[in-house]
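Participant: have a look; sequence and predicted model below, questions after that.
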Amino acid sequence: MKLAGCGLRGCRIWQKTPVTVLVTGAAGQIGYALVPMVARGLMLGPDQPVILHMLDILPNAEALNGVKMELVDAAFSLLKGVVATTDVVEACTGVNIAVMIGGFPRKEGMERKDVMSKNVSIYKAQASALEKYAAPNCKVLVVANPANTNAVILKEFAPSIPAKNITCLTRLDHNRALAQIAERLNVHVGDVKNVIIWGNHSSTQYPDVNHATVVTKDGEKQVRELVTDHQWLYGEFITAVQQRGAEIIKARKLSSALSAASSACDHMRDWVLGTSKGTWVSMGVYSDGSYGVPAGLIYSFPVTCDKGGWSILQGLKIDDFSRAKLDATATELVEEKSFAYSCLQ
Ligand SMILES: NC(=O)c1ccc[n+]([C@@H]2O[C@H](COP(=O)([O-])OP(=O)(O)OC[C@H]3O[C@@H](n4cnc5c(N)ncnc54)[C@H](O)[C@@H]3O)[C@@H](O)[C@H]2O)c1
Ligand SMILES: O=C(O)C[C@H](O)C(=O)O
């Protein structure tokens with residue numbers, strides 16, 4: 001914190017030191033939705049000044065500069081500086097938070113594996129830059145797909161960044177699950193909590209409501225008690241969350257952007273500022289073997305956050321149906337990880 005003038009004679013207020021936030025792929029759709037949210041304090045809080053570092057590739061340099069012009073024009077009071085660059089070293093220098101959205105998008109006719117091999121090389125190069133130039137204790141959120149596996153590669157090639165600081169986005173899936181339950185029960189989404197997304201940000205993810213609750217006028221109730229149609233919970237609900245990204249691509253001809261950006265803010269805000277008491281969220285984090293998930297994967301778990309750190313929520317009962325789902329998505333991640341490594345040979 002430092003003492004800063006508030007503009008009135010004789011007035012001094014304590015102002016926090018700005019936090020530097022890197023957004024890669026900032027000229028893309030999610031980047032364009034995200035940077036104003038960060039500049040408005042939706043990621044780090046309404047009293048936290050920020051400096052934005054925006055990275056994109058050379059063919060998008062002009063568009064990136066346009067985003068910078070708009071940020072300046074919006075006159076955000078929390079925004080203390082903007083760097084728009086195609087130089088990865090300049091982009092990574094001194095960053096406290098890195099939101100990695102940049103990557104090669106899947107194009108028509110391309111297999112998931114084609115995209116993976118391109119993105120794995122990008123994440124290897126950017127890991128090295130973050131390792132060398134980011135601020136100590138930089139927190140990383142990988143959004144670009146395949147998000148979990150890009151995060152694994154980033155961790156591998158930035159060995160001095162603590163594994164606890166490298167995460168991937170499954171909060172969008174978590175929010176989608178909350179929204180599906182809220183719609184089904186005709187309640188406000190803010191009254192639903194503690195769903196879980198297990199595993200990969202892909203169609204093998206397992207949205208689990210076994211421990212989820214809803215605040216009602218008669219107190220907190222289990223989702224399983226309120227949604228009496230268990231066939232729906234075991235079938236349509238799971239598929240709806242797993243397939244929501246594809247459904248949005250079908251409708252928009254583009255992948256989700258505003259919801260992805262908003263969820264990225266939710267992820268970082270809870271990580272930095274903490275989750276509320278009795279509430280957990282889903283984050284793709286480094287597996288320590290909890291719940292029988294192979295150690296070393298970046299896997300989505302239920303986590304609680306406190307004092308800038310996260311912990312995997314322990315001790316939840318996993319029934320046989322869930323066990324099979326947790327294992328299936330872990331198997332996919334093991335295969336993706338091994339394919340990603342083979343791309344680097
Ligand atoms: N995890 C999630 O929940 C989630 C949700 C939605 C989208 N996504 C993924 O996020 C990614 C971005 O989506 P989008 O809609 O913003 O895509 P987009 O194509 O609009 O934007 C991507 C941007 O990345 C830039 N880029 C490409 N290579 C780069 C590099 N090496 N360094 C820096 N920038 C680079 C591109 O030029 C482009 O501006 C995609 O991989 C998408 O699948 C993830
Ligand atoms: O970009 C995609 O493939 C979909 C995206 O990850 C989403 O979940 O909306």
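Facilitator: It's in. Ligands and ions are numbered 1, 2, ... in the order given.
Participant: which residue does the stretch 201-345 of the chain bring closest to ligand 2?
Facilitator: Closest to ligand 2 within the stretch 201-345 of the chain is Gly245: 2.6 Å, counting by Cβ to the nearest ligand atom. Where you see a C-beta, it was placed from the backbone N, CA and C, and this is true even at glycine.
Participant: how about the CA coordinates for the helix or strand containing that residue, as PDB?
Facilitator: Assigned by DSSP states H and E, Gly245 belongs to helix 236-252. The C-alpha coordinates for helix 236-252 follow below in PDB (Å, rounded to 0.1, in the frame of the first residue of the first chain):
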ATOM      1  CA  GLU A 236     -29.800 -34.900 -19.100                       C
ATOM      2  CA  PHE A 237     -28.300 -32.600 -16.500                       C
ATOM      3  CA  ILE A 238     -24.800 -34.100 -16.900                       C
ATOM      4  CA  THR A 239     -25.000 -34.000 -20.700                       C
ATOM      5  CA  ALA A 240     -26.300 -30.500 -20.700                       C
ATOM      6  CA  VAL A 241     -23.300 -29.200 -18.700                       C
ATOM      7  CA  GLN A 242     -20.800 -31.400 -20.700                       C
ATOM      8  CA  GLN A 243     -22.200 -30.200 -24.000                       C
ATOM      9  CA  ARG A 244     -22.900 -26.500 -23.200                       C
ATOM     10  CA  GLY A 245     -19.800 -25.200 -24.900                       C
ATOM     11  CA  ALA A 246     -20.600 -27.100 -28.100                       C
ATOM     12  CA  GLU A 247     -24.200 -25.800 -27.900                       C
ATOM     13  CA  ILE A 248     -23.000 -22.200 -27.700                       C
ATOM     14  CA  ILE A 249     -20.600 -22.700 -30.600                       C
ATOM     15  CA  LYS A 250     -23.600 -24.000 -32.600                       C
ATOM     16  CA  ALA A 251     -25.700 -21.000 -31.700                       C
ATOM     17  CA  ARG A 252     -23.100 -18.200 -32.000                       C
END
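Participant: list the buried residues for the following helix or strand past that helix?
Facilitator: Sequence order places helix 258-273 as the next helix or strand after helix 236-252, per DSSP H and E. By 16 or more other Cβ atoms under 10 Å, the buried positions in helix 258-273 come out as 259-273.
Participant: so where is the stretch 151-300 of the chain shaky, pLDDT-wise?
Facilitator: By pLDDT under 70, the stretch 151-300 of the chain has no low-scoring segment.
Participant: which stretches in it count as strands?
Facilitator: Using DSSP state E, counting those that start in this stretch, the strands of the stretch 151-300 of the chain run over 166-168, 192-193, 196-198, 206-208, 213-216, 219-222, 281-286, 298-306.
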